[in-house]
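K.L.:
Sequence first, predicted model second:
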Amino acid sequence: MGAAKRKVHSAEFKAKVALEAIRGESTLVEMASKFGVNVNQISKWKREALEGMSDIFSGNTTKRDDAYEKQIEKLHAKIGQLTVERDFLERVSKL
């Protein structure tokens, strides 16, 4: 019997579910049924949304954005390096 595949949800979906959980118009069980997500996952997204809200107003999101951009630059550099190495090895193997 194979392992169950884990669903990957978009940030927009998580935000939608978390916002509905914050509003409290439905129970977590109702929301779990409606969105096809475990109750514990909804609680986690709600908690993360509430904890992250203060960052929006404090300006901490720019720090996160800068760290993200630096990580992207490092990854692009690594991709470039690996591409050069692959091309070199491909040429050498044809000799």
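P.N.:
Received the coordinates, thanks.
K.L.:
So which bits of stretch 9-16 are buried?
P.N.:
Within stretch 9-16, the residues that qualify as buried are Lys14, counting by 16 or more other CB atoms under 10 Å. (Glycine included, C-beta is placed from N, CA and C.)
K.L.:
can you tell me the average pLDDT over that stretch?
P.N.:
Stretch 9-16 shows an average pLDDT of 93 in the prediction.
K.L.:
and what of stretch 49-68?
P.N.:
On average, stretch 49-68 scores 77.
K.L.:
mind listing what's buried in that stretch?
P.N.:
Buried-residue list, stretch 49-68, by 16+ other CB under 10 Å: Ala49.
K.L.:
Endpoints of that stretch, how far apart?
P.N.:
End-to-end span of stretch 49-68 (CA to CA, to the nearest Å): 19 Å.
K.L.:
Trp45 reaches Leu19, doesn't it?
P.N.:
No. If you go by CB atoms under 8 Å, Trp45 and Leu19 don't touch, sitting 9.4 Å apart.
K.L.:
Between those two, tell me which one has more neighbours.
P.N.:
More crowded of Trp45 and Leu19, by other CB atoms under 10 Å: Trp45, with 22 against 12.
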